[in-house]
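Visitor: One predicted model, sequence on top.
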Amino acid sequence: MYKLFLKRTVDILVSFILLTLLSPILILSALLIVLSSKGPIFFRQLRVGKNLNTFSILKFRTMTHEKREVGDKPLIGKAAGVTPVGYVLRRLKIDELPQLIHVLTGQMSLVGPRPSIPAQLENMNEEQKRRYSIRPGLTGLAQVSGNIHLSWPQRYEFDLRYVDNISLPNDLRILLRTAFLIVRGEEYYLNKPLKIHTHA
């Protein structure tokens, strides 16, 4: 019942409320980006969503607007190219907040596997691609259990564990851990994977 109907209803209500309540932060972030570095406010990138459908993901720009090669290695902390404002937005996960629009419109969910770039599909087996059977999430089990400090196969393993055990209690646990993670930082939760309830 929750997976089929209520999850989408919760996504719509919560994303609408958060977009309204957080609008001052969104506007201030946009102004700081414009005033502190050249380039657009938003960063767009093609990502793979539910049923392998692609969409253009929206994030606040946190790097200088220079052409660079997109690699598969994560950017951690004050990496080269990350602006001072961008570092703060990344640390507090504010750069991800524009994706609430994707949650509201149905391309994403509050909780789910993170949407990958298309190139990652080449290195996934069919089992790992089951992560695309549901909407990608603003946050997810892999993101609150080590995130970029995990290998890709480890992240896919967390994604599939979530896909097989979607429930309201598990979503609430992941959202709560996300809130604590923003305050304490990702490093605090290294080697502390979040345990979720399983249907088995």
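Guide: The structure has been received and is ready for your questions. Computed from a predicted structure; not experimentally measured.
Visitor: which residues touch the residue nearest in space to the middle of the chain?
Guide: Nearest to the geometric centre of the chain sits residue 138, at 3.8 Å (Cα atoms, centre = their mean). Each residue near residue 138 by Cβ atoms under 8 Å, 6 or more residues apart in numbering is listed here: 96, 99-100, 103, 108-112. The way it works is simple: take the backbone N, C-alpha and C, and place the C-beta from them, glycine included.
Visitor: Go again with 7 Å.
Guide: Residue 138 is in contact with 96, 99-100, 103, 108, 110, counting by Cβ atoms under 7 Å, 6 or more residues apart in numbering.
Visitor: Surely residue 43 touches residue 65?
Guide: No: applying Cβ atoms under 7 Å, one finds residue 43 not in contact with residue 65, separated by 9.1 Å.
Visitor: more neighbours, these two?
Guide: Remark: of residue 43 and residue 65, residue 43 carries more neighbours, 18 against 13, as counted by other Cβ atoms under 10 Å.
Visitor: Now the more buried one: which helix or strand?
Guide: Assessed by DSSP states H and E, residue 43 sits inside strand 42-48.
Visitor: can you list the residues that contact the helix or strand following that strand?
Guide: Per DSSP H and E, the first helix or strand lying C-terminal to strand 42-48 is strand 54-60. The contact list for strand 54-60 (Cβ under 7 Å, 6+ apart) reads 29, 33, 41-49, 89, 94-96, 98-99, 101-102, 107, 115, 118.
Visitor: in this protein, which spans are strands?
Guide: Using DSSP state E, the strands found in the chain span residues 42-48, 54-60, 109-111, 137-139.
Visitor: How about the first one, which residues are buried there?
Guide: Across strand 42-48, burial judged by 16 or more other Cβ atoms under 10 Å covers 43, 47-48.
Visitor: how about stretch 180-189: buried residues?
Guide: Neighbour-count burial for stretch 180-189 flags 181, 186, 189 (criterion: 16+ other Cβ under 10 Å).
Visitor: Name the weakest-confidence residue in these, if you would.
Guide: Lowest pLDDT among the buried residues of stretch 180-189: residue 186, with 83.
Visitor: Leaving out chain neighbours, which residue sits closest to that one?
Guide: Among residues not flanking residue 186 along the chain, residue 147 sits closest, at 5.5 Å (Cβ to Cβ, 6 or more residues apart in numbering).
Visitor: what stretches of this protein score poorly on pLDDT?
Guide: In the predicted model, the chain carries pLDDT under 70 at residues 67-78, 200.
Visitor: if we look at the lengthiest helix in the chain, which residues are touching it?
Guide: Identified as the longest helix of the chain according to DSSP state H is helix 168-184. Residues from elsewhere that reach helix 168-184 (Cβ under 7 Å, 6+ apart): 2, 6, 92-93, 110-111, 139-141, 144, 189, 194, 196-197.
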